[in-house]
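K.L.:
can't give you the sequence, but here's the structure:
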């Protein structure tokens, strides 16, 4: 899959003409891959909950999507406004929270 177009400052990606916040480039590749995997699993769970008309499962899955997006730096405080230690803390805490919910 081709890498999406980035804005010159690297803070956003352009997909189908729409600007989205880019993933924090400082997240280690292994951690980033794990977070993306958890994000996609949560998105699949949102779809399954919607098909099953299970509001509780949908809320839980959407909360996991939010946790993953914040950990990746795509939501919440912009990663470029955080110090290196704040960025590291964001993705570590997000991954820990997602792992606890998966357990």
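P.N.:
Done, it's in. Values in this document were obtained by computation on a predicted structure and should not be read as measured data.

K.L.:
so what secondary structure elements neighbour the helix or strand hosting residue 101?
P.N.:
In the assignment (DSSP states H and E), residue 101 maps to helix 84-102. Contact analysis of helix 84-102 by 3 or more Cβ pairs under 8 Å, 6 or more residues apart in numbering; DSSP states H and E lists helix 29-52, helix 55-71 as its packing neighbours. For the C-beta atoms, the positions are set from N, CA and C on the backbone; glycine is no exception.

K.L.:
can you rerun that using 6 Å?
P.N.:
helix 55-71 (3 or more Cβ pairs under 6 Å, 6 or more residues apart in numbering; DSSP states H and E).

K.L.:
I'd assumed residue 2 was in a helix, is it?
P.N.:
No: counting by DSSP: H, G, I helix; E, B strand; the rest coil, residue 2 is located in no helix; its state is coil.

K.L.:
neighbouring strands for the lowest-mean-pLDDT helix or strand in the chain, and are they parallel or not?
P.N.:
In the chain, no helix or strand scores lower on mean pLDDT, DSSP states H and E than strand 5-6, which sits at a mean of 92. The strands that strand 5-6 pairs with in its sheet are strand 12-15 (antiparallel) (by DSSP bridges).

K.L.:
what is the mean pLDDT for the partner strand?
P.N.:
Throughout strand 12-15, pLDDT has a mean value of 95.
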